[in-house]
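>>> Using only what follows, build the 3D model:
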Amino acid sequence: MSVLSSDDLTRPVHTATESLRQTLGDHSARIGLILGTGLGRLAEEIEVSHSIGYEEIPDMPVSTVESHHGKLLAGTLRGVPVLAMQGRFHLYEGYSAHEITRPVRILKELGVDTLLISNAAGGMNPLYRRADLMLLTDHINLQGVNPLTGPNVDTWGPRFPDMSEPYDLDLRDMAEAAALARGIRLQQGVYVAVEGPNLETRAEYRFLRTIGADAVGMSTVPEVIVAKHMGLRCMAISVITDECFPDALEPVSIADVLKAAGEAEPRLTQLIGDVVEKIGAE
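From the prediction side, this is the model:
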């Protein structure tokens, strides 16, 4: 078994970053977006100056999930410069924790200091309903891997980064204020990340709820760990795509998940757009 070196980690990031700098020219942005399930419409609201397929970026993984488009979009949202990942990567696709978080490191190298994330999640809190939005206040990593294992690159961040506040309080306040102003119901809770791709059993939902999770999904946590390692501010919102109550559990299909995401999409798009606008005014 080969052991990763620092060069194994940094070389792909630097290669991709240099390629993108040449393509993007003078476009720069402080805000990075990871447009997971539920944010397709937001991509349509970005005034795009560059749309780059992941396959065009050296050493970039390629999305294999049908609902993830696989493009890096550069442009402006409500007049604010942004870089947006339209589609992300997951452990269950066969990628390593280092590979699925490589885009976050690339965004940081391109000048991003704030990361806004969306995802789809199953709601375990009995107060949640299908198509609700949940603002992440904390998370639990049950994926069995950590993207910071291996050699630490000191120029990226410390060997033992603090995670007492993974989701920035000021950004959460912005989201709360925007939701209140628009009359959008915004739940708040703890997200637990599992590897997937299968959904959970009744017993697993009971266990996850018992350990303090309000929603469960298969992404986001590795991205936030790497973002915090590099000093980025983070905010994440889950679309509750199904109700995971063990005593009333019903089978769920990908079509059900996408339908619920579609119902939540207009509200999530408004909310993220409002937060971007607030950040742009800082």
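>>> What pLDDT does the model give the closest residue to residue 202 other than its chain neighbours?
Once flanking residues are discounted, residue 202 sits nearest to residue 246: 4.1 Å by Cβ to Cβ, 6 or more residues apart in numbering. Any C-beta I mention is one placed from the backbone N, CA and C, and that applies to glycine too. The per-residue pLDDT reported for residue 246 equals 91.
>>> quick one: contacts for residue 246?
Residue 246 makes contacts with 202, 203, 205, 206, as judged by Cβ atoms under 8 Å, 6 or more residues apart in numbering.
>>> swap the cut-off to 6 Å and go again
With contacts defined as Cβ atoms under 6 Å, 6 or more residues apart in numbering, residue 246 is in contact with 202, 205, 206.
>>> Quick check: of these, which has the highest neighbour count?
Tallying neighbours with other Cβ atoms under 10 Å puts residue 205 at the head of the contacts of residue 246, with 20 neighbours.
>>> For that residue, give me its contacts.
By Cβ under 6 Å, 6+ apart, the residues touching residue 205 are 124, 244, 246.
>>> Just the CA trace of stretch 155-175, in PDB.
Extracted in PDB, the C-alpha atoms of stretch 155-175 (Å, rounded to 0.1, in the frame of the first residue of the first chain):
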ATOM      1  CA  THR A 155       0.500  26.200   3.700                       C
ATOM      2  CA  TRP A 156      -3.100  25.000   3.500                       C
ATOM      3  CA  GLY A 157      -3.800  24.800   7.200                       C
ATOM      4  CA  PRO A 158      -2.900  23.400  10.600                       C
ATOM      5  CA  ARG A 159      -2.400  19.700  11.400                       C
ATOM      6  CA  PHE A 160      -5.200  19.800  14.000                       C
ATOM      7  CA  PRO A 161      -7.800  22.300  12.900                       C
ATOM      8  CA  ASP A 162     -10.400  23.500  15.400                       C
ATOM      9  CA  MET A 163     -14.000  22.500  14.500                       C
ATOM     10  CA  SER A 164     -15.900  24.100  17.400                       C
ATOM     11  CA  GLU A 165     -17.800  26.300  14.900                       C
ATOM     12  CA  PRO A 166     -17.900  24.600  11.500                       C
ATOM     13  CA  TYR A 167     -20.800  26.800  10.300                       C
ATOM     14  CA  ASP A 168     -20.200  30.500  10.600                       C
ATOM     15  CA  LEU A 169     -22.500  32.300  13.000                       C
ATOM     16  CA  ASP A 170     -22.600  35.500  11.000                       C
ATOM     17  CA  LEU A 171     -23.600  33.700   7.800                       C
ATOM     18  CA  ARG A 172     -26.200  31.800   9.700                       C
ATOM     19  CA  ASP A 173     -27.600  35.100  11.000                       C
ATOM     20  CA  MET A 174     -27.800  36.400   7.500                       C
ATOM     21  CA  ALA A 175     -29.700  33.300   6.400                       C
END
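>>> Tell me the gap between stretch 32-50 and the middle of its chain.
Chain-centre distance of stretch 32-50: 12 Å, with Cα atoms, centre = their mean, to the nearest Å.
>>> Need the distance between the two termini of it.
Using Cα to Cα, to the nearest Å, the end-to-end distance of stretch 32-50 comes to 14 Å.
>>> Return the set of buried residues in it.
Using 16 or more other Cβ atoms under 10 Å as the test for burial, stretch 32-50 gives 32-40, 42-43, 45-46, 48.
>>> How about stretch 96-106?
Using 16+ other Cβ under 10 Å as the burial criterion, the residues of stretch 96-106 that qualify are 96, 97, 98, 99, 100, 101, 102, 103, 104, 105, 106.
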